[in-house]
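>>> Let me see the structure of the following:
(chains A and B)
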Amino acid sequence: DAKTTQPTSMDCAEGRAANLPCNHSTISGNEYVYWYRQIHSQGPQYIIHGLKNNETNEMASLIITEDRKSSTLILPHATLRDTAVYYCIVRGSNDYKLSFGAGTTVTVRA
Amino acid sequence: NAGVTQTPKFQVLKTGQSMTLQCAQDMNHNSMYWYRQDPGMGLRLIYYSASEGTTDKGEVPNGYNVSRLNKREFSLRLESAAPSQTSVYFCASSEGGGYYEKLFFGSGTQLSVL
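As a prediction, the model looks like this:
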């Protein structure tokens, strides 16, 4: 079960792109990178996941480096509603013992 | 389609009391999980059930028991509550068994043990 390292907090201006880094240097070949966010004590919400290719959906983009040792979640046009704690997790097949670290607290400012 | 439903939303217990947190999902998911979240911290896995009929310990199982009642329901029991169990409890579910596993979470139960 690979570990991840994220900055504790970051600020972002409303309307600008927010780039959230995550290091997962011990990731193994069959482990996916997942991102979740938790808005004000609600249950975490899935954002996006990827294996080695870059991914994009309606919420965000995920850029994974070629060596897969780090990734960046991009919120293209941050809004105040994107203020949340963002969790980066790596997970392999049948890996049920999944815990969430402290994540990155993102504050979007007007 | 309610997703993952947890009851109750709030509970206050006295030390030594027992209670059961209920969780139900309507997505026909195989796997279910119980997490706790302490202030300013991430979520820690208490127990999980990979499929109906199986349960396994997570990172912090001491003081808890679980029951996978059927495919839909997964309950968490505190037999003798302690102040250290004051926390927010989240239930989650996922399809289970594949490489791609998206977890769906309930809205949480705020538990205070006095």
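
>>> quick one, what contacts the closest residue to chain B within chain A?
Relative to chain B, the nearest point of chain A is A:Gly43 (3.0 Å; C-beta to the nearest C-beta). All C-beta spots, glycine's among them, are computed from the backbone N, C-alpha and C. Counting by C-beta atoms under 8 Å, 6 or more residues apart in numbering or on different chains, A:Gly43 touches B:4, B:90, B:92, B:105-108.

>>> Assign a three-state SS to it, would you?
coil (DSSP: H, G, I helix; E, B strand; the rest coil).

>>> ok, and the closest non-adjacent residue to it?
B:Phe105 (3.0 Å; C-beta to C-beta, 6 or more residues apart in numbering or on different chains).

>>> Do you know the pLDDT at that neighbour?
As predicted, B:Phe105 sits at a pLDDT of 96.

>>> Any idea what it is bridged to?
B:Ala92 (DSSP bridges).

>>> That one against A:Pro44, yeah?
Yes - contact between B:Phe105 and A:Pro44 holds when scored by C-beta atoms under 8 Å: they sit 5.2 Å apart.

>>> got the residues of chain B near chain A?
B:4, B:31, B:33, B:35, B:40-45, B:48, B:50, B:56, B:58-59, B:88, B:90, B:92, B:97-108 (C-beta under 8 Å from any C-beta of the partner chain).

>>> swap the cut-off to 6 Å and go again
Contact residues, chain B versus chain A (C-beta under 6 Å from any C-beta of the partner chain): B:42-45, B:48, B:50, B:58-59, B:90, B:99, B:102, B:105-108.

>>> Nearest to chain A among those?
Nearest to chain A, judged by C-beta to the nearest C-beta, of these is B:Phe105 at 3.0 Å.

>>> one step back: quick check on the residues of chain B next to chain A: which are buried?
Buried members of the residues of chain B next to chain A, counted by 16 or more other C-beta atoms under 10 Å in any protein chain shown: B:42-45, B:48, B:50, B:58, B:90, B:105-106, B:108.

>>> what about chain A, any weak spots by pLDDT?
A:1-2 (pLDDT under 70).

>>> just the strands in the chain please.
Answering for chain A, as no chain was given. Assigned by DSSP state E, the strands in chain A fall at A:9-13, A:18-23, A:32-38, A:45-50, A:55-56, A:61-64, A:70-75, A:84-91, A:104-109.

>>> Let me rephrase: I mean chain B.
Using DSSP E, strands in chain B cover B:4-7, B:10-13, B:19-25, B:31-37, B:43-49, B:56-57, B:64-68, B:74-78, B:87-94, B:104-105, B:109-113.

>>> give the contact list for the nearest residue to A:Thr56 once chain neighbours are set aside.
Excluding the flanking residues, the one nearest A:Thr56 by C-beta to C-beta, 6+ apart is A:Leu62, at 7.5 Å. A:Leu62 makes contacts with A:48, A:50, A:55, A:73, as judged by C-beta atoms under 6 Å, 6 or more residues apart in numbering or on different chains.

>>> which of those residues are buried?
The buried subset of these (16+ other C-beta under 10 Å) comprises A:48, A:50, A:55, A:73.

>>> Among the strands of chain B, which comes closest to A:Arg81?
strand B:104-105 (17.9 Å; C-beta to C-beta).

>>> and chain A, which residues reach chain B?
So chain A meets chain B at A:43-44, A:46, A:93, A:96-97, A:99-103 (C-beta under 6 Å from any C-beta).

>>> Quick check on these: which are buried?
Using 16+ other C-beta under 10 Å, the buried members of the residues of chain A next to chain B are A:43-44, A:46, A:96, A:99-101, A:103.
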